[in-house]
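Peer 1: have a look at this prediction, sequence included:
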Protein chains: 2
Amino acid sequence: MVKQERAARTRRLLLQAAAEVFVQEGYARASLSTISGRAGVSNGALHFHFETKNLLAEAVEQCAAVTLRRIAATAEDAPGSALQCLVDATHQLMTGLQQDVVVRAGFELCDASGRRGDGLDLRREWQDWVEKMLAEAERRGDLAEGVTAADAATAVVTSTVGFEMLGSRDRAWVARETVSRFWELLLPRLSDPGVLGKLSARGTDSGESAQL
Amino acid sequence: MVKQERAARTRRLLLQAAAEVFVQEGYARASLSTISGRAGVSNGALHFHFETKNLLAEAVEQCAAVTLRRIAATAEDAPGSALQCLVDATHQLMTGLQQDVVVRAGFELCDASGRRGDGLDLRREWQDWVEKMLAEAERRGDLAEGVTAADAATAVVTSTVGFEMLGSRDRAWVARETVSRFWELLLPRLSDPGVLGKLSARGTDSGESAQL
């Protein structure tokens, strides 16, 4: 393995280990030596890649943000209405939170105490994207009469943050079945009746966690 | 002031100071000396009342649980359907999270890293109560056709946990206006049409935060 490849591999191992330790112990209690030990690299190698715990947390957040943006972009590229994009992306995000500890850590680091924020806030990014999708649905006349994009966004953002939070202690909250039943409840209220029949609360990606 | 009164007052000051420090710095980073300094009492007095930080956190949680149970009991005692109880209690809880740092700290301590849990989990208590109210609404035929108590509970519990989380950084999320608009969106989907007209999404307590 050439030097550059080895460095990239070490960096990936450190990010994965850091995400695991942040999730298990919390950012404030996580120690750099626990992280380097988990990654199987020396303290020196850790410090070569990340000078401080905060820089390591920022790298985890950036890595999680890449996944979040890929989920959003994939949902937007798929055929279907903005509401279906939103349903699909919600399923993918919950799968990500369940299966990818870097995504989980990235979200939890949003409000870790004792951190200087670097301006990256995954919940805020998710909120902005949900608002954009619902504004698009409103513009196309896909929302039910009397339902505004803003009110729909409040319900979707608070619920998905709740799924995320509750799912950190009990994975049943982020299971596809749970999230599908949530959308089965909410879609008939959000969607124009003419659009509702074309929507799938289970998502159009058939339960696969591609793109993660 | 007799000795017993003074002890009770010191205990209250310590609980309030601990809640403030837990919310501002997080449980893991909070130090007992910061808490005693904030309360204006000696370290010795703090240790007399609470031997460890974990015991202090448990006392904050118990104090918040008393408020949560009072909110639930008050909502249940008021005339009106189980759905209206749920709306009223949600408003009171969000007001509590906004105005009473002990309630806020009690909820945040649920998933503070580095703590031994003592079995008290406010989010779980809230979830159990929401499920109870919705089961009652279902039994009385107050839910809309095709809506189960379990699915309604998922939507209400995830949203309220989301409001709580998002409200810790931006109080607009727990403002009465925001929560009213949420219920205006959700109630027409949850409620039997015959019951809907009798429900107030703004709550029947007229915006007052009595009982807190």
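Peer 2: Arrived safely, thanks for sending. Numbers count the residues shown, from 1 in each chain, chains lettered A, B, ... in the order given.
Peer 1: make it CA atoms for all contacts and neighbour counts henceforth
Peer 2: Fine.
Peer 1: residues from chain A in reach of chain B?
Peer 2: A:24-26, A:28-29, A:112-114, A:147, A:151-152, A:154-155, A:157-163, A:165-166, A:181-182, A:185-186, A:188-189 (Cα under 8 Å from any Cα of the partner chain).
Peer 1: buried among those residues? Make that a PyMOL selection.
Peer 2: The PyMOL selection below is limited to those of those classed as buried (16 or more other Cα atoms under 10 Å in any protein chain shown):
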select buried, chain A and resi 25+26+28+112+113+147+151+152+154+155+157+158+159+160+161+162+163+165+166+181+182+185+186+188+189
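Peer 1: any idea of the mean pLDDT in the lengthiest helix in chain A?
Peer 2: Longest among the helix segments of chain A by residue count, using DSSP state H, is helix A:53-77. The average pLDDT for helix A:53-77 rounds to 95.
Peer 1: what is the orientation angle of the following helix or strand past that helix with helix A:53-77?
Peer 2: Using DSSP states H and E, the helix or strand that follows helix A:53-77 towards the C-terminus is helix A:82-99. Helix A:82-99 and helix A:53-77 are oriented at 140 degrees to each other (axes from the mean of the first three to the mean of the last three Cα atoms, to 10 degrees).
Peer 1: could I get the buried residue list for the longest helix of chain A?
Peer 2: By neighbour count on 16+ other Cα under 10 Å, the buried set for helix A:53-77 is A:53-54, A:56-65, A:67-68, A:71-72, A:74-76.
Peer 1: list the contacts of it.
Peer 2: A:15, A:18-19, A:31-32, A:50, A:82, A:85-86, A:88-89, A:92-93, A:102-107, A:109, A:115-116, A:118, A:120, A:122, A:126, A:129, A:211-212 (Cα atoms under 8 Å, 6 or more residues apart in numbering or on different chains).
Peer 1: can you tell me which of those are in helices?
Peer 2: Among those, the ones falling in helices (DSSP H) are A:15, A:18-19, A:32, A:82, A:85-86, A:88-89, A:92-93, A:102-107, A:122, A:126, A:129.
Peer 1: and A:Arg124, what element?
Peer 2: helix A:122-139.
Peer 1: and that helix, what does it pack against?
Peer 2: Here helix A:122-139 touches helix A:53-77, helix A:82-99, helix A:101-108, helix A:149-167, going by 3 or more Cα pairs under 8 Å, 6 or more residues apart in numbering or on different chains; DSSP states H and E.
Peer 1: could you point out which of those helices sits nearest A:Glu136?
Peer 2: Proximity to A:Glu136, assessed across the helices and strands packed on helix A:122-139 by Cα to Cα, is greatest for helix A:82-99 (6.4 Å).
Peer 1: and that closest one, what does it pack against?
Peer 2: Going by 3+ Cα pairs under 8 Å, 6+ apart, helix A:82-99 lies up against helix A:53-77, helix A:101-108, helix A:122-139, helix A:149-167, helix A:176-190.
Peer 1: any idea of the angle the first one forms with helix A:122-139?
Peer 2: When you say that, I think you mean helix A:53-77. Using the same axes, to 10 degrees: helix A:53-77 against helix A:122-139 is 20 degrees.
Peer 1: how about the shortest one?
Peer 2: In this structure, helix A:101-108 runs at an angle of 90 degrees to helix A:122-139, with the same axes, to 10 degrees as the basis.
Peer 1: packing partners for helix A:101-108?
Peer 2: Using 3+ Cα pairs under 8 Å, 6+ apart, helix A:101-108 sits against helix A:3-25, helix A:53-77, helix A:82-99, helix A:122-139.
Peer 1: mark out where each domain of chain A begins and ends.
Peer 2: A:1-51, A:61-212 (automatic domain parsing).
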